[in-house]
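Chemist: Build me a structure from this.
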Amino acid sequence: MTHDASVIVVGAGGHAKVVLATLRACGVVVDFVVDEDPQKEGSEWLGLRVLPPANHLDGRSAILAIGHNQCRARFARECETTTWVRAIHPHAFVDPSASIGVGTVVFAGAIVQPGAGVGEHVIVNTGASIDHDCRVGDFVHLCPGVHLAGGVSVGEGALLGIGSVVKPGVSIGAWCTVGSGAAVISDLRPHCTAIGVPAKQVDPRGE
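Modeler: A predicted model of the protein is given here:
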């Protein structure tokens, strides 16, 4: 990532630490951090001031450093005048033919292969891989070590847990949750939770 202007980081939690490290590895200047938590207001976080979001994002360049998919989506939709930037760690590999949406972060060790399309405000976490011709929707979080085989489709807002894998050509519905270490070998309907090897959809009530 290269950017002439300075950037604001939205969020001051654990995920934001990795986003900040990625920006600094890219040589990007970060002005300050904004966070909704009133207890953090006015404090210092990793050498940066923490300010409330109100009036600090209008017309500025920023990146969402919020791990929770629904919260990230809400912020993106509410901040209409903010210019969202993407961040790709210099130790990640993104093929030139792949597309990466605005606001997306690609962390160290991640791989995005030819023909893949990654949406907006996506988290491609440490060591995750997206193989050829995959489609990853907006606000998805691919946790560390997730592996998508070729031609996989992941719907908006889905969360794929640490170390989960998806078989070639499988579709994962919007806002699904895939458990850590799961192996998805067949399509998943929207809003479901799937765990295990092979992954099976489970009732969220535990019944």
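Chemist: Pass me the low-pLDDT residue ranges in the protein, would you?
Modeler: Residue ranges of the chain with pLDDT under 70: 1-5, 204-207.
Chemist: what residues go with each domain of it?
Modeler: Per the record, the chain has its domains at 7-84, 86-197, by automatic domain parsing.
Chemist: Tabulate the ones you listed (a markdown table), appending mean neighbour count and distance to Asp203.
Modeler: To be clear about C-beta, it is placed using only N, CA and C from the backbone, and glycine gets the same treatment. Output for the domains of the chain, formatted as a markdown table (neighbours: other Cβ atoms under 10 Å; distance: least, Cβ to Cβ, whole Å):
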| stretch | mean neighbour count | distance to Asp203 |
| --- | --- | --- |
| domain 7-84 | 17 | 21 |
| domain 86-197 | 20 | 8 |
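Chemist: Just confirm Gln70 contacts Ala158, I think it does.
Modeler: No: the criterion here is Cβ atoms under 8 Å, and Gln70 misses it with Ala158 at 11.6 Å.
Chemist: My understanding was that Gly67 contacts Asn125; is that so?
Modeler: No: counting by Cβ under 8 Å, Asn125 is not a contact partner of Gly67; they are 9.1 Å apart.
Chemist: Return every residue with contacts to both of these two.
Modeler: His141 (Cβ atoms under 8 Å, 6 or more residues apart in numbering).
Chemist: After whichever helix in the chain runs longest, which helix or strand is next? Please name it.
Modeler: Taking DSSP state H as the criterion, the chain has its longest helix at helix 14-25. Sequence order places strand 30-34 as the next helix or strand after helix 14-25, per DSSP states H and E.
Chemist: How far does that following strand sit from its chain's centre?
Modeler: Taking Cα atoms, centre = their mean, to the nearest Å, one finds the center of strand 30-34 at 19 Å from the center of the full chain.
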